[in-house]
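Q: predicted model, plus sequence, below.
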Amino acid sequence: MTDSAEETKTSETKAKRSRVSGIDRVLQIIDFLYETGEPAGGYAIAKGIKAPLSTVYTIVDDLVEKTILTRASDGTLWLGPRLYNYGIAYARSVDFMRVATQEMHDLCRRAAETVQLCGRDGHHMLVMAMADGPSHFQVMSRVGSRIPLNWTASGRLLVGHMPDKDRIELFKRGARASPTGRAAIDPVDLSKAAGEAFEKRLSVQVGESDYAVACIASPILNTEGECVATISIVLPEHKATSGEQPYGDFVRQSAAHIETLMGWHSH
């Protein structure tokens, strides 16, 4: 390695360490206030975390400007509203997964089939949680699986609340041919199907992503009417098309129950 290359590498390493150190200082300041449980001045914080006073003042000013901290008239500092908003968002997500997971297991027992909770990750559907049904039917998409939106019933619902032009643009960029060749890839057709499924609160796909596998899904909507997740039954194709069980009613009822428990029925 040349001297110039070595110097560049050393410089990059120092810069990385500096960034990490800066993040560590921010966390130390926030942790200090959280652990002491009361407002404190810059000097007390610097002493408590054993950091240079000038460094703490610089970081604190930036945090106050970004509303991560607040400064009282006497100069003492406390946790700011931005942290509160983060906390509320986190609490809601935890509550949602607890409520939705319980409903997922209840639906699994009622339908006697595999049930999944799915969300959106860019151009993909993400399996967030799953309850295996009592049969020996094997579902390929396990927790953590990312599947193109156009392959799945849930994928269409997850973008169903978006304006038509946004859906079309999203499908233009992300639609892919499926292994079975049965998944639609035309952006306009996909957008129309997504809108119709969203209005019905029901989406069904048969054999589009996996041979002989069907999925019946319903959207879970927040107070703004946006699809934040779906609950779906994954089952053999012949069961989905036999008409023996009202799987569509099952998933719609479960989605509505989750919304009710979350207080999201104002849409």
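A: That came through fine. Numbers count the residues shown, from 1 in each chain.
Q: need phi/psi at Asp61.
A: Main-chain dihedrals, Asp61, degrees, to the nearest 10: phi -60, psi -40.
Q: buried residues in the strand or helix carrying Thr260?
A: Thr260 belongs to helix 247-262 when assigned by DSSP states H and E. For helix 247-262, the neighbour count (16 or more other Cβ atoms under 10 Å) marks 247-248, 250-259, 261-262 as buried. For every residue, glycine as well, the C-beta is placed using N, CA and C.
Q: where does the prediction get shaky in the stretch 1-150 of the chain?
A: Scanning the stretch 1-150 of the chain for pLDDT under 70 picks out 1-20.
Q: which residues in it form strands?
A: With strands called from DSSP state E, counting those that start in this stretch, the stretch 1-150 of the chain shows them at 69-71, 77-79, 114-121, 124-131, 146-148.
Q: out of those strands, nearest to Glu226?
A: If you check each of the strands of the stretch 1-150 of the chain against Glu226 by Cβ to Cβ, strand 114-121 wins as the nearest, at 10.4 Å.
Q: what pairs with the closest one, and is each one parallel or antiparallel?
A: Using DSSP bridges, strand 114-121 pairs in its sheet with strand 124-131 (antiparallel), strand 227-236 (antiparallel).
Q: which one of the ones you listed lies nearest to Ala183?
A: It's strand 124-131; of the strands paired with strand 114-121, that one is closest to Ala183 (Cβ to Cβ) at 12.0 Å.
Q: got the contact list for the closest one?
A: Applying Cβ atoms under 8 Å, 6 or more residues apart in numbering, the contact partners of strand 124-131 are 97, 100-101, 104-105, 107-108, 114-120, 139, 141-149, 151-152, 154-155, 158, 174, 229.
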